[in-house]
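*Asks:* Have a look; sequence and predicted model below, questions after that.
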Amino acid sequence: LGDVYKRQIQGSGLKKLSYQFIFKRTTNRNKRIPYGKMQYSIGKEGGSMLDIKFIRENPDLVKENIKKKFQDEKLNLVDEVINLDVEARKVQMEADELRSKKNQVSKQIGALMAKGEKEEAEKIKEEVAAFSKRLAELEEKEPMLQEEILKRMMVIPNMIDPSVPIGKDDSCNVENERFGEPLVPDYPIPYHADIMESFGGLDLDSAGRVAGNGFYYLVGDMARLHSAVLSYARDFMIDRGFTYVIPPYMIRSKVVDGVMSFAEMDAMMYKIEGEDLYLIGTSEHSMIGRFIDQILPASSLPLTLTSYSPCFRKEKGAHGIEERGVYRIHQFEKQEMIVVCEPEEAMDWYNKLWKNTVDFFRSLDIPVRTLECCSGDLADLKVKSCDVEAWSPRQKKYFEVGSCSNLGDAQARRLKIRIKGEDGKNHLAFTLNNTCVAPPRMLIAFLENHLQKDGTVTVPKALQPYMGGKEVLVPKYNSINGKDQA
């Protein structure tokens, strides 16, 4: 990980600014009200997820948070950071004292030479040379200590919200609420790829020859349906007051480092050979990166943005990439939501964001539920997260179609995204993101929930203007019984 951390260290100086906000838990896990004080992972600059001052003053809280995330192998990092920090501050203090002494003593040399006290002046020069030698040692040691501190802090996870359920992995995620009745028709629902192929709408064989597993050609009504869903999602979010943005589809390494953990980057990102560029895995990456090194006036917040982009993912180690179909793939498209806001507004926006996704799917008559991610299923930068899952009549269960996350100030600290308050002082922003819709996976839920016994697929009223007014899509043959359409 050395190169990653070196990029973070250059020019950072590990300067910090502490900040506080106030909250307490209520019976509603998604709401906060003022009560007491708690330092909540706030800092000014650097590549870590937590402020070193917070770690220094609350090592037991940080360790308890690591245990809640079932990452006990990281517990020793807390003490290592604290010990290295003590050493680094000692080195800095000694260096500052030596510089002061050196400056004071150096001034005496000229005066002594003017008096003709050359022998005494030479003794002072020797003393200055000794100071310089020791200073050089300290100045070499200081950035090395800072690098060692940052290496460890880069992998100490962000503090999770008190409302997050404790669990080791996604099997411990907790259902919050269901929206719409999950129905199972009295006829069989075919596999989604078979439904698409009945319309002549999916060509996996050609995609395999051209690009390999995890790619696809959508054709005819399936391609049009894919585009219609995205166009509707764009307008849906604009109507909810979000500003539409089309971002860059490639980002530099310093942005990658700022928006995700190393584990996420290794599993997801495609690197452009010979360039300091990566293909985005989601537009969140370039949308949040847009504000790198920026100081935002408080009056401009919250920033509520919705972005369209293709997304590219290696899906390293992910189950299902070899399966036939479009559930887990290397390339897809997405309408995203991004919010940059004041810390105290973050939880309200979190609830608004996931509700937008629920409302979008319900407007298309697709039953969904929200699933609270447990502590062990949260990526290290996340404070709180939930998945929106759509109902699959074929599998008789829900599957993920979107994810909503509150990242606290972790991305803002790494990217130095600050807010200038009304008092003129700067503090870190909070960032949130959420999926509105990400076809073609979403088309699985769409097709399964709208497939009729005769093999046709109904088009919900909200989507009809984007499908040329079509109310029903007619296949070449019935995917249920294989019979040709009359």
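*Replies:* Looks like it came in fine.
*Asks:* Kindly confirm my reading that residue 96 forms part of a helix.
*Replies:* Yes - counting by DSSP: H, G, I helix; E, B strand; the rest coil, one finds residue 96 located in a helix.
*Asks:* Distance of it relative to residue 141?
*Replies:* Counting by C-beta to C-beta, to the nearest Å, the gap between residue 96 and residue 141 amounts to 14 Å. (Glycine included, C-beta is placed from N, CA and C.)
*Asks:* Okay, now the unreliable bits of the stretch 101-250 of the chain?
*Replies:* Low-confidence segments of the stretch 101-250 of the chain (pLDDT under 70): 107, 109-115, 121.
*Asks:* still on that earlier bit, settle it for me: which of residue 96 and residue 141 has more neighbours?
*Replies:* The residue with more neighbours, out of residue 96 and residue 141 and counting by other C-beta atoms under 10 Å, is residue 141; that gives 16 against 11.
*Asks:* Checking residue 60 next. Helix, strand or coil?
*Replies:* Secondary structure for residue 60, judged by three-state DSSP, is helix.
*Asks:* do you know how far it is from residue 128?
*Replies:* Taking C-beta to C-beta, one finds residue 60 at 46 Å from residue 128.
*Asks:* Comparing these two, which residue is more hemmed in?
*Replies:* Ranked by neighbour count (other C-beta under 10 Å), residue 60 and residue 128 place residue 128 first, with 17 against 8.
*Asks:* residue contacts, residue 327?
*Replies:* Each residue near residue 327 by C-beta atoms under 8 Å, 6 or more residues apart in numbering is listed here: 192, 320, 399, 441, 444.
*Asks:* Kindly report the same for residue 394.
*Replies:* Residues near residue 394 by C-beta under 8 Å, 6+ apart: 188-192, 448.
*Asks:* Recalculate using a threshold of 7 Å.
*Replies:* By C-beta atoms under 7 Å, 6 or more residues apart in numbering, the contact list for residue 394 reads 189, 448.
*Asks:* The nearest residue to residue 474 once chain neighbours are set aside - how many residues pack around it?
*Replies:* Using C-beta to C-beta, 6 or more residues apart in numbering and skipping residues adjacent in sequence, the residue nearest residue 474 is residue 456, 5.5 Å away. Neighbour count for residue 456, taken as other C-beta under 10 Å: 18.
*Asks:* Please apply the same query to the one 5 residues further on.
*Replies:* Using other C-beta under 10 Å, residue 461 has 11 neighbouring residues.
*Asks:* now do residue 248
*Replies:* 16.
*Asks:* so it is in which element?
*Replies:* Under DSSP states H and E, no helix or strand contains residue 248.
*Asks:* ok, now how distant is it from residue 69?
*Replies:* As for residue 248, its distance to residue 69 is 32 Å (criterion: C-beta to C-beta).
*Asks:* same check, this time on residue 257
*Replies:* Going from residue 257 to residue 69 by C-beta to C-beta gives 21 Å.
*Asks:* Looking at those two now, which is surrounded by more residues?
*Replies:* Taking other C-beta under 10 Å, residue 257 and residue 69 do not tie; residue 69 has more neighbours (22 against 19).
*Asks:* correct me, but that one touches residue 377?
*Replies:* No - Residue 69 lies out of contact with residue 377 (C-beta atoms under 7 Å); the separation is 9.2 Å.
*Asks:* Helices - which of the contacts of residue 327 land there?
*Replies:* 192, 441, 444 (DSSP state H).
*Asks:* For residue 310, state which of the residues you listed is nearest.
*Replies:* residue 441 (13.7 Å; C-beta to C-beta).
*Asks:* all helices for the stretch 151-300 of the chain, in order.
*Replies:* Under the criterion DSSP state H, counting those that start in this stretch, the stretch 151-300 of the chain contains helices at 192-198, 204-210, 221-239, 253-259, 262-268, 283-289.
*Asks:* so of those, which one's packed in deepest?
*Replies:* Scoring the helices of the stretch 151-300 of the chain by mean neighbour count under mean count of other C-beta atoms under 10 Å gives helix 283-289 as the most buried, with a mean of 26.
*Asks:* buried sites along the helix or strand in which residue 54 is found?
*Replies:* According to DSSP H and E, residue 54 maps onto helix 52-57. Under the neighbour-count criterion of 16 or more other C-beta atoms under 10 Å, helix 52-57 has 52, 54-56 buried.
*Asks:* other SSEs contacting that helix?
*Replies:* Contacting helix 52-57 under the criterion 3 or more C-beta pairs under 7 Å, 6 or more residues apart in numbering; DSSP states H and E are the following elements: helix 75-114.
*Asks:* Show me what the helix it packs on is packed against.
*Replies:* Helix 75-114 packs on helix 52-57, helix 59-68, helix 118-153, going by 3+ C-beta pairs under 7 Å, 6+ apart.
*Asks:* what's in contact with stretch 471-486?
*Replies:* Stretch 471-486 has contacts (C-beta under 7 Å, 6+ apart) with 187-188, 190, 194-195, 198-200, 221, 453-459, 464.
*Asks:* pLDDT (mean, whole number) over it?
*Replies:* Here stretch 471-486 scores 86 as its mean pLDDT.
*Asks:* now stretch 261-275
*Replies:* Averaged over stretch 261-275, pLDDT sits at 85.
*Asks:* let's have the chain start at 51 instead
*Replies:* Will do, 51 is the new start, and the previous item becomes stretch 311-325.
*Asks:* Quote the end-to-end distance of that stretch.
*Replies:* Its start and end residues considered, stretch 311-325 measures 21 Å (C-alpha to C-alpha, to the nearest Å).
*Asks:* low pLDDT regions in the stretch 351-500 of the chain?
*Replies:* Residues of the stretch 351-500 of the chain meeting the criterion pLDDT under 70: 367-372.
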